[in-house]
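Undergrad: fold the following.
(one chain, ligands or ions: 3)
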Amino acid sequence: MFRGFSHFEHSTMDGRVNRMKSNISRKKVIAAGTVLFREGDPGGSGFFLESGQVEIWVNRADKRVILGMLTDGEFVGELSAFDLAPRSASATAVKDCVVVEFNHEQLNNRIQAMDPVMSHLIGSLVERIRATNVQINDGFESDGFLVAKAASRRALDQTCLNELTLEADLLQAVNNDEFQLHFQPIIDINQMKLAGFEALIRWHHPKRGLVRPDQFIPFAEDNNLITNITRWCVDEICQQAPEFQLAALHNPEKVQPLFLTVNLSGRDVGCAEFGEWIEGAILNSHCPPEMLKLEVTESSLMENMDTAKQMLSRLRDMGVGVAIDDFGTGHSNLAYLCELPITTLKIDRSLVTGKPESNRNLDANKPILKLVMGLANDLGVTVVAEGVEDTCDLSMLQVLGCDFAQGYLFSKPLPAAEALELVRSWDWRDFQTENEMAQSA
Ligand code: C2E
Ligand code: CA
Ligand code: CA
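TA: Ligands and ions are numbered 1, 2, ... in the order given. Presented below is the predicted three-dimensional model:
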């Protein structure tokens with residue numbers, strides 16, 4: 001189990017919460033009584049209060065004036081995180097709290113990426129809130145007591161909150177063993193034998209339930225966490241590979257020597273040391289290098305051509321396979337195909353089944369599919385068609401000379417135990433009969 005990071009930080013009663021230095025949201029436990037920050041302290045960071053209670057207060061004429069009481073789901077110190085101005089009030093945890101800390105840069109990145117009108121509007125609103133706070137502060141001299149709650153705190157942007165907490169939770173997910181690999185079978189459609197599996201990650205979030213990879217891989221990429229996650233996947237595959245080999249021995253007539261594929265992200269491909277790390281992971285496991293196949297997209301190759309070439313060639317020399325994922329969607333210069341040690345083209349689902357908005361029409365894509373088959377043939381690489389959902393797709397692909405297929409027709413991605421059971425019991429004829437019976441029922 002990878003133990004690369006531990007980011008659940010604890011504050012102490014005596015120390016104010018340290019200003020965060022990295023660019024990743026961090027979850028912290030704050031004990032009741034801790035001062036998060038004092039009036040006049042430098043700004044630059046803020047907190048999202050996941051649970052607990054925080055009192056916002058100022059000292060006026062030797063009196064502690066409580067401005068507000070913040071609870072679950074509210075921001076603390078967000079204005080200074082936004083405009084870097086000194087803290088206009090102090091904040092103290094009055095109950096034990098769990099907070100997610102974020103910094104100015106993180107907010108700023110989001111503001112920069114926004115519609116310019118919206119970012120201007122937010123800037124104006126912050127200025128207006130600041131001006132109102134000054135007026136309120138002036139009133140303290142005479143009134144002595146005022147409980148105020150900025151209206152902006154109520155108007156929390158749920159999407160932004162979700163993102164911040166998701167980032168923080170992702171940091172802990174590897175250590176907490178919250179990831180799982182599911183395996184989707186890949187079938188040799190000439191012989192209808194089971195040939196391999198694509199490993200697809202799943203995140204079992206303690207509160208949100210199952211989080212789909214599309215919902216967290218982009219965050220992991222933005223926050224440099226993706227390589228840790230890919231390492232976890234490779235380790236897991238290397239560990240599970242012997243079990244798949246063993247299961248295949250129980251069904252030698254209908255199962256080929258299996259391969260397992262892992263998805264690499266652009267960041268992995270751009271990291272020279274990552275290739276060495278994979279090499280080490282394979283050598284330190286019982287996974288034969290020929291059993292592992294790396295899936296890389298055209299775009300990630302384009303962005304990191306030199307490193308990718310070096311890294312993939314070295315791994316290919318060991319026997320590791322290299323597949324181009326989502327082939328046909330990249331609009332890239334195909335010259336790279338001759339420069340890289342590729343073993344497989346994986347045709348994107350949109351080319352196999354058509355765009356979701358159009359009627360499913362494999363016929364319309366036939367010329368492109370033929371072109372890919374011809375190209376693969378000339379390059380001496382195999383072709384996997386993704387997203388094969390019915391027997392019409394399958395027959396057409398067989399006629400076109402496609403080697404392998406993957407899709408819901410055969411199976412959705414399965415947890416490891418079910419995937420192993422599929423290996424032991426795979427028989428296309430039985431499978432087809434069951435499928436037909438299920439459809440006619
Ligand atoms: P992908 O690499 O193109 O993976 C195939 C996706 O298509 C999977 O979704 C799979 O469940 C889905 N799929 C397979 N057959 C069919 C079908 O017949 N019909 C339809 N409609 N969908 C089908 P999933 O598991 O949600 O993964 C989505 C994407 O997330 C993957 O696309 C891949 O880009 C990324 N991903 C998944 N696991 C990992 C991982 O471990 N690391 C990285 N870097 N990316 C991953
Ligand atoms: Ca893939
Ligand atoms: Ca794909």
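
Undergrad: bridging across strands, which residues link to Ile30?
TA: Residues in a beta bridge with Ile30, per DSSP bridges, are Cys97.

Undergrad: need the pLDDT of it.
TA: On pLDDT, Ile30 comes in at 94.

Undergrad: my read: it touches Glu50, true?
TA: No. Using Cβ atoms under 8 Å as the test, Ile30 is too far from Glu50 to be in contact (10.5 Å). Every C-beta, even on glycine, is put in place using the N, C-alpha and C of the backbone.

Undergrad: common neighbours of those two, please.
TA: Common neighbours of Ile30 and Glu50, counting by Cβ atoms under 8 Å, 6 or more residues apart in numbering, are 97-99.

Undergrad: between those residues, which is closest to ligand 2?
TA: Checking the shared contacts of Ile30 and Glu50 against ligand 2 with Cβ to the ion, the nearest one is Val98 at 35.3 Å.

Undergrad: OK, contacts around the closest one?
TA: Shown in contact with Val98 (Cβ under 8 Å, 6+ apart): 27-30, 49-52.

Undergrad: which residues in the stretch 251-400 of the chain form strands?
TA: In the stretch 251-400 of the chain, strands defined by DSSP state E, counting those that start in this stretch lie at 255-263, 292-297, 321-327, 344-347, 382-385, listed in chain order.

Undergrad: ok so, going back, more neighbours: which of Ile30 and Glu50?
TA: With neighbours defined as other Cβ atoms under 10 Å, Ile30 and Glu50 compare such that Ile30 has more, 28 against 19.

Undergrad: one step back: save the contacts of Val98 as TSV, and put in distance to Asn435 and secondary structure too.
TA: Shown next, in TSV, are those (distance: Cβ to Cβ, whole Å; DSSP: H, G, I helix; E, B strand; the rest coil):
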residue	distance to Asn435	secondary structure
Lys27	46	strand
Lys28	52	strand
Val29	51	strand
Ile30	55	strand
Leu49	51	strand
Glu50	46	strand
Ser51	48	strand
Gly52	53	coil
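
Undergrad: of the residues you listed, closest to ligand 2?
TA: Set against ligand 2, the nearest of the contacts of Val98 by Cβ to the ion is Lys27 (30.5 Å).

Undergrad: okay, now the closest one: neighbour count?
TA: Neighbours of Lys27 using other Cβ under 10 Å come to 20.

Undergrad: residues from this protein in reach of ligand 2?
TA: 263, 295, 325 (Cβ under 5 Å from the ion).

Undergrad: ok, the last one - contacts?
TA: Listed by Cβ under 8 Å, 6+ apart, the contact partners of Asp325 are 263, 295-297, 346.

Undergrad: hmm, try it at 6 Å
TA: By Cβ atoms under 6 Å, 6 or more residues apart in numbering, the contact set of Asp325 is 295, 297, 346.

Undergrad: try the second one
TA: Remark: with contacts taken as Cβ under 6 Å, 6+ apart, Glu295 is in contact with 261, 263, 323, 325.

Undergrad: now which of those would you call buried?
TA: Taking 16 or more other Cβ atoms under 10 Å as the criterion, what is buried in these is 261, 263, 323, 325.

Undergrad: these: which two are farthest apart?
TA: The largest separation in the buried ones among the contacts of Glu295, counting by Cβ to Cβ, is between Asn263 and Ala323 at 9.6 Å.

Undergrad: buried set for stretch 375-393?
TA: If you call a residue buried by 16+ other Cβ under 10 Å, then stretch 375-393 has these buried ones: 376, 381-388, 393.

Undergrad: now for those: which two are most distant?
TA: Using Cβ to Cβ, those reach their maximum pairwise distance at Val381 and Asp393, which is 21.2 Å.

Undergrad: could you dump the contacts of Glu295 into a markdown table and include distance to Leu125?
TA: As requested, the contacts of Glu295 are exported to a markdown table (distance: Cβ to Cβ, whole Å):
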| residue | distance to Leu125 |
| --- | --- |
| Thr261 | 48 |
| Asn263 | 41 |
| Ala323 | 49 |
| Asp325 | 43 |
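
Undergrad: pick the one among those residues closest to ligand 3.
TA: Nearest to ligand 3 among the contacts of Glu295 is Asp325, at 4.5 Å by Cβ to the ion.

Undergrad: and the gap between that closest one and Val296?
TA: Distance, Asp325 to Val296, using Cβ to Cβ, to the nearest Å: 6 Å.

Undergrad: which single strand of the chain contains the most residues?
TA: Criterion DSSP state E: the longest strand present in the chain is strand 193-205.

Undergrad: let me see the domain layout of this protein.
TA: Segmentation of the chain into domains, based on automatic domain parsing, reads 17-139, 177-440.

Undergrad: report the distance from the first one to the chain centre.
TA: Offset of domain 17-139 from its chain centre (Cα atoms, centre = their mean, to the nearest Å): 28 Å.

Undergrad: could you do the last one as well?
TA: In terms of Cα atoms, centre = their mean, the centre of domain 177-440 is set 17 Å apart from its chain centre.

Undergrad: so where is the stretch 101-250 of the chain shaky, pLDDT-wise?
TA: Applying pLDDT under 70 to the stretch 101-250 of the chain flags residues 115-117, 135-161.

Undergrad: mind redoing it with 80?
TA: Segments of the stretch 101-250 of the chain classed as low confidence (criterion: pLDDT under 80) are 112, 114-121, 124, 130-164, 167, 174.

Undergrad: which residues in it form helices?
TA: For the stretch 101-250 of the chain, applying DSSP state H, counting those that start in this stretch gives helices covering 104-112, 116-143, 151-154, 158-173, 213-222, 226-249.

Undergrad: helices or strands next to the last one in the packing?
TA: Applying 3 or more Cβ pairs under 6 Å, 6 or more residues apart in numbering; DSSP states H and E, one finds that helix 226-249 makes contact with strand 255-263, helix 266-269, helix 272-283, helix 416-425.

Undergrad: sorry, back to before: of the contacts of Glu295, which is the nearest to Gln106?
TA: Distance to Gln106 across those (Cβ to Cβ) is lowest for Asn263, with 26.5 Å.

Undergrad: quick one: the strands of the stretch 251-400 of the chain as a markdown table, columns for mean pLDDT too.
TA: Rendered in a markdown table, the data for the strands of the stretch 251-400 of the chain read as follows (pLDDT from 0 to 100):
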| stretch | mean pLDDT |
| --- | --- |
| strand 255-263 | 98 |
| strand 292-297 | 97 |
| strand 321-327 | 96 |
| strand 344-347 | 97 |
| strand 382-385 | 98 |
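
Undergrad: which one of the ones you listed lies closest to ligand 1?
TA: Using Cβ to the nearest ligand atom as the measure, strand 255-263 is the one of the strands of the stretch 251-400 of the chain that comes nearest ligand 1, at 3.7 Å.
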